[in-house]
Structure formats: structure tokens, C-alpha cells
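Asks: predicted model, plus sequence, below.
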Amino acid sequence: ATDLLCTSGRAAVLLLGGLLRWTSCDGALPRPAVFVGCLSAVIAAPRGKRAATIAVVVLLLRTAAEAVRGLTDGDDGNGDEDGDKDGKRRREPVRRRNKALEEGASAPAASTNKGTTQKKEEPKE
């Protein structure tokens with residue numbers, strides 16, 4: 001019985017951590033703020049609608065995190081920031097990128113060639 005409680009407790013902590021990471025959009029919103037928002041939704045929700053209230057709060061926090069991330073990244077919504085032809089985003093988490101910027105690295109430039117091929121210059125002789 002003790003093993004079952006320990007295992008279920010660990011699983012709950014891992015699930016909560018993953019949910020908070022997803023909701024905070026990999027650091028766009030601080031996780032403690034997301035945790036407090038979810039905890040207040042649990043406490044303030046009426047008994048019959050607790051799960052629905054938590055789901056709505058999690059989605060609202062995720063939307064806010066996406067908005068903050070879009071503002072800090074200069075995301076114009078077309079999914080072409082990294083020059084990916086398939087439109088999928090492959091960006092590093094905000095926390096790592098901000099750390100790199102603080103250390104003096106330059107920010108990666110956004111791609112402006114929306115699906116066009118660039119001509120390669122031939123070496124001049």
C-alpha cells in the first residue's frame with residue numbers, strides 16, 4: 001500500500017510539473033505565477049465545476065504565455081521565424097535564449113524569404 005501511494009504521488013508531481021511547463025510556455029510566464037493561478041482556481045471553483053474551471057484557467061494562462069512569448073520573440077504568427085519550410089516552430093525555450101542574449105550573443109535574425117530560393121553568388125575571378 002505504501003509503494004502505491006509513493007508511486008501515485010510521484011506520478012502526480014510529474015504530471016503537475018509537465019502541466020505547469022506546458023502552461024507557462026517553456027518559461028514565457030514564471031511557473032510560480034502559473035502555479036498560484038491554478039491553485040487559486042482550485043480553491044475558488046464551485047464544487048460541481050472544479051475540473052472545468054481549472055481547464056479554462058490553464059487554457060487562459062497558456063494563451064497569455066503564448067502572447068508574451070510572441071511579443072518577446074517578434075512572432076508575427078506565420079510560423080516562418082526560423083526559415084522552416086514546413087512552418088513548424090523549432091525554437092529554444094525563452095529562458096535559454098534570454099541567457100544567451102545576456103551573455104552578449106546576438107539574436108537570430110528572422111527569415112524574410114517566405115519560401116523563395118536565394119541565388120548563390122558565384123565567386124568572381
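Replies: That came in fine, so what should we check first?
Asks: show me what the helix ranked longest in the chain is packed up against.
Replies: Looking across the chain with DSSP state H, the single longest helix is helix 50-73. Packing partners of helix 50-73 (3 or more Cβ pairs under 8 Å, 6 or more residues apart in numbering; DSSP states H and E): helix 2-23, helix 31-44, helix 94-102. For every residue, glycine as well, the C-beta is placed using N, CA and C.
Asks: least confident of the ones you listed, on average?
Replies: Among those, helix 94-102 carries the lowest mean pLDDT, at a mean of 64.
Asks: next, count neighbours for T7.
Replies: Residues lying near T7 (other Cβ atoms under 10 Å) number 10.
Asks: for it, give its distance to L14.
Replies: Using Cβ to Cβ, to the nearest Å, we find T7 at a distance of 11 Å from L14.
Asks: that older thread, now tabulate the helices and strands packed on helix 50-73 in CSV and tack on distance to T53.
Replies: Formatted as CSV, the helices and strands packed on helix 50-73 follow (distance: least, Cβ to Cβ, whole Å):
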stretch, distance to T53
helix 2-23, 15
helix 31-44, 5
helix 94-102, 28
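Asks: closest to V58 out of the ones you listed?
Replies: helix 2-23 (5.4 Å; Cβ to Cβ).
Asks: quick one: buried residues of that closest one?
Replies: Across helix 2-23, burial judged by 16 or more other Cβ atoms under 10 Å covers 19-20, 23.
Asks: quick check: T23 vs T2, distance?
Replies: For T23, the distance to T2 - Cβ to Cβ - is 31 Å.
Asks: typo on my end, T72
Replies: T72 is 46 Å from T2, by Cβ to Cβ.
Asks: quick check: angle from the longest helix of the chain to helix 2-23?
Replies: Here the directions of helix 50-73 and helix 2-23 differ by 40 degrees (axes from the mean of the first three to the mean of the last three Cα atoms, to 10 degrees).
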